[in-house]
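Participant: any chance you can model this:
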Amino acid sequence: MTSSIVSEIIFEVSEDEIDGGYSASALGYGIHTDGETIEELRRNVKEAVKCYFDATMKRPRLIRLHFVRDEVLGL
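Facilitator: Alright, predicted model coming up:
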């Protein structure tokens, strides 16, 4: 038996090192958004989740932002 309640949704967040700003994509869902600052990104993620989960769907109770950072090392 599977639960129809999504307890949390995870977004993978990356920073655009060239142009600045952040982009976020939900793992397992077609939800993508961006923002110039972390605060703007947080607002946009919340709004994107609200838009994706309509009135007939149960929204997740938690949104987790997972920040991904690439590190380049020179030799």
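Participant: show me where this structure dips below the pLDDT cut-off.
Facilitator: 1-6 (pLDDT under 70).
Participant: can you do 90?
Facilitator: 1-6, 16-19, 54-59, 69-75 (pLDDT under 90).
Participant: going along the chain, name the strands of it.
Facilitator: All strands of the chain, identified by DSSP state E, fall at 8-15, 22-26, 32-35, 62-68.
Participant: nearest to Leu41, of those?
Facilitator: Of all the strands of the chain, strand 32-35 sits nearest to Leu41, with 3.3 Å by CB to CB. Glycine gets a C-beta too; all of them are placed from N, C-alpha and C.
Participant: quick one: contacts of the closest one?
Facilitator: Strand 32-35 is contacted from outside by 21-26, 41-45, 47-48, using CB atoms under 8 Å, 6 or more residues apart in numbering.
Participant: mind listing what it pairs with, with the direction of each?
Facilitator: Sheet pairing of strand 32-35 (DSSP bridges) gives strand 22-26 (antiparallel).
Participant: quick one: work out the angle between the partner strand and strand 8-15.
Facilitator: Inter-element angle recorded for strand 22-26 and strand 8-15: 150 degrees (by axes from the mean of the first three to the mean of the last three CA atoms, to 10 degrees).
Participant: identify the residues contacting strand 22-26?
Facilitator: Residues from elsewhere that reach strand 22-26, judged by CB under 8 Å, 6+ apart: 9-16, 31-38, 41, 44-45, 48-49, 52, 65.
Participant: and Thr33, what are its bridge partners?
Facilitator: Counting by DSSP bridges, Thr33 is bridged to Ala24.
Participant: excluding its backbone neighbours, what's nearest Asp16?
Facilitator: Of all residues not flanking Asp16 in the chain, Ser23 sits nearest, at 6.7 Å (CB to CB, 6 or more residues apart in numbering).
Participant: residue closest to the middle of the protein?
Facilitator: In the chain, the C-alpha nearest the mean C-alpha coordinate belongs to Phe11, at 3.1 Å (CA atoms, centre = their mean).
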